[in-house]
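Participant: got a predicted structure here, sequence first:
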Amino acid sequence: MVKVVVIGGGWAGSAAALAARKAGAQVTLLERTDMLLGTGLVGGIMRNNGRFTATEENIALGAPELFDAVDETARHKNMEFPGHKHATLYDVAKIEPAVKAKLLQAGVEIHFQARFTDVKKEGDRIVGVTAEGVGLVEGDVFIDATGTAGPQGNCTKYGNGCAMCILRCPSFGPRVSVAGKAGVQEIIGKKADGSFGAMSGSCKLHKESLSHEIVEELNRTGVKIVPIPAELQKKGALESKACQQYALKEFAENVILLDTGHAKLMTPYYPLEMLRQIPGFENARFEDPYAGGMGNSMRYLAMSPRTNALQVAGVENLFCGGEKAGLLVGHTEAIVTGTLAGHNAVRFALGMELLTLPTELAIGDAIDYVGKQMKTEEGLKFKYTFSGSVYFERMKQLGLYTTDVNAIKARVEKLGLTGVYAKKLVQSAQENAAK
């Protein structure tokens, strides 16, 4: 039996665990906190712009489960907000149990409050990892999906201090990088001005603290746009965001709210006294981060050098997904990289050729392009996403962006990759060996 150990239960780790399990491996998932999904617990935006294409590619490749969970918990589908079309907004209060159910149904073994602390190595291979409350967990292949935010010191050093966000470092202990503990020299992203990291792109407001008119429109349409008086507009805040697809004029001149159960405020932070001067926000309070008037979590501080198969350079049996795999921003981006990492972990254990997705697919091109950009000083200053900014423009230029589901399926089929993630590799490899 092939044993895969996934460290980190965010969107990437959950996707990796599912993919490895579908490929026939025994899978153990170690999660630092008491819930899956990490920033996905306060995110909520899917299928907007090029993420639609990437979603349908991943489904055609054979990994629909997490997108099914999103659709099952969606509050709004096929909605628009400035710069973004055909978006789905999932309910942040319902998504985590839905994803957990998918993993348990698949047979993934999940350990909560199992913060990774160290690796046990033999040469260039990891043979086990230690986690609080669990001890030593041995495996054949390991996947680093620990993310790039935290610990508290990084938010203080590179941001405005611990903003008490959903990552909850003070409660469950700081994130520890598997690649870092294995001796890999990790990569730090930069803002446009050259300073390190990037601030999370949005906050959550307690919906009931807003005016009745705002709440009614949010619930009905999924979006509410409120003009900001000129004297209350924040200057320069959008440039600090990880989510550069929202660094648009409309987001600077208006309060843009999205309905994800909470009211998702599309700015990395907003001083509370300023926010409360805007009509309809007189009683506003932050839901995440609780100190959202001061700042937000700092991210992209620990990325791994990796191949296009998402194998970490320098450690033979370590793969990575999500933000660990580079400057790709978003839940969809985490799911598609996590899926590939989980699938390839099993291929590696079986001695099979690793899967590198061709650049004729948006997912393959994004992984390849971002990998190259991470090796340049200028490329480290950008964040890349299927939904906007630099990479979405590239998608359109290359003809990769489409909302034609049949065309996407045909593209995957032409490459001979339809359902590749759905194949049970362990069983097939054993049968071939018996022959």
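Facilitator: Done, it's in.
Participant: from now on I want contacts and neighbour counts done on CA atoms only, so please keep to that.
Facilitator: Fine.
Participant: in the stretch 151-300 of the chain, mark out all the helices, start to finish.
Facilitator: Ranges of helices in the stretch 151-300 of the chain, per DSSP state H, counting those that start in this stretch, are 152-158, 169-172, 178-181, 212-221, 249-253, 272-275.
Participant: centre of the chain to the longest helix anywhere in the chain, how far?
Facilitator: Longest among the helix segments of the chain by residue count, using DSSP state H, is helix 331-349. Averaging C-alpha coordinates over helix 331-349 and over its chain gives two centres that are 12 Å apart (C-alpha atoms, centre = their mean, to the nearest Å).
Participant: elements contacting it?
Facilitator: Packing partners of helix 331-349 (3 or more C-alpha pairs under 8 Å, 6 or more residues apart in numbering; DSSP states H and E): helix 11-22, strand 45-46, helix 50-60, strand 141-144, strand 318-320, helix 425-434.
Participant: tell me what the first one is packed against?
Facilitator: Under the contact definition 3+ C-alpha pairs under 8 Å, 6+ apart, helix 11-22 sits against strand 3-7, strand 26-30, helix 95-106, strand 141-144, helix 331-349.
Participant: so where is the protein shaky, pLDDT-wise?
Facilitator: Low-confidence segments of the chain, defined by pLDDT under 70, are located at 234-248, 428-435.
Participant: helices along the stretch 301-435 of the chain, start to end?
Facilitator: All helices of the stretch 301-435 of the chain, identified by DSSP H, counting those that start in this stretch, fall at 331-349, 362-373, 389-398, 405-414, 425-434.
Participant: list the buried ones in stretch 71-88?
Facilitator: Using 16 or more other C-alpha atoms under 10 Å as the test for burial, stretch 71-88 gives 71, 73-77, 79-81, 84-88.
Participant: what about Leu29, how many neighbours?
Facilitator: Burial measure for Leu29: 23 neighbouring residues, criterion other C-alpha atoms under 10 Å.
Participant: oops, could you answer that again for Ala230 instead?
Facilitator: If you count neighbours by other C-alpha under 10 Å, Ala230 ends up with 10.
Participant: name the nearest residue to it, ignoring sequence neighbours.
Facilitator: With C-alpha to C-alpha, 6 or more residues apart in numbering as the criterion, Ala230 has its nearest non-adjacent residue at 7.6 Å, and that residue is Glu253.
Participant: flag every buried residue along stretch 269-282.
Facilitator: Tyr269, Tyr270, Leu272, Leu275, Arg276, Ile278, Gly280, Phe281, Glu282.
Participant: er, stretch 177-188 I mean
Facilitator: With the criterion 16+ other C-alpha under 10 Å, stretch 177-188 contains buried residues Ser177, Val178, Ala179, Gly180, Ala182, Val184, Ile187, Ile188.
Participant: tell me how far that stretch lies from the chain's centre.
Facilitator: Between the centre of stretch 177-188 and the centre of its chain there are 19 Å (C-alpha atoms, centre = their mean).
Participant: repeat that for stretch 74-88.
Facilitator: With C-alpha atoms, centre = their mean, you get 18 Å for stretch 74-88.
Participant: which residues are in contact with it?
Facilitator: When contacts are defined by C-alpha atoms under 8 Å, 6 or more residues apart in numbering, stretch 74-88 is touched by residues 44-49, 52, 71, 89-91, 221-223, 246, 248, 250-251, 259-261, 387.
Participant: give the buried subset of the residues you listed as a ChimeraX selection command.
Facilitator: To isolate the buried subset of those in ChimeraX, counting by 16+ other C-alpha under 10 Å, use the following:
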select :44,45,46,47,48,49,52,71,89,90,91,222,223,246,251,259,260,261,387
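Participant: domain-wise, how is this structure divided?
Facilitator: According to the domain assignment given by automatic domain parsing, the chain is divided into the following structural domains: 3-75+90-194+298-434, 201-288.
Participant: picking up where we left off before, now render the helices of the stretch 151-300 of the chain as JSON lines, adding distance to Gln105.
Facilitator: Shown next, in JSON lines, are the helices of the stretch 151-300 of the chain (distance: least, C-alpha to C-alpha, whole Å):
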{"stretch": "helix 152-158", "distance to Gln105": "35"}
{"stretch": "helix 169-172", "distance to Gln105": "26"}
{"stretch": "helix 178-181", "distance to Gln105": "27"}
{"stretch": "helix 212-221", "distance to Gln105": "32"}
{"stretch": "helix 249-253", "distance to Gln105": "40"}
{"stretch": "helix 272-275", "distance to Gln105": "43"}
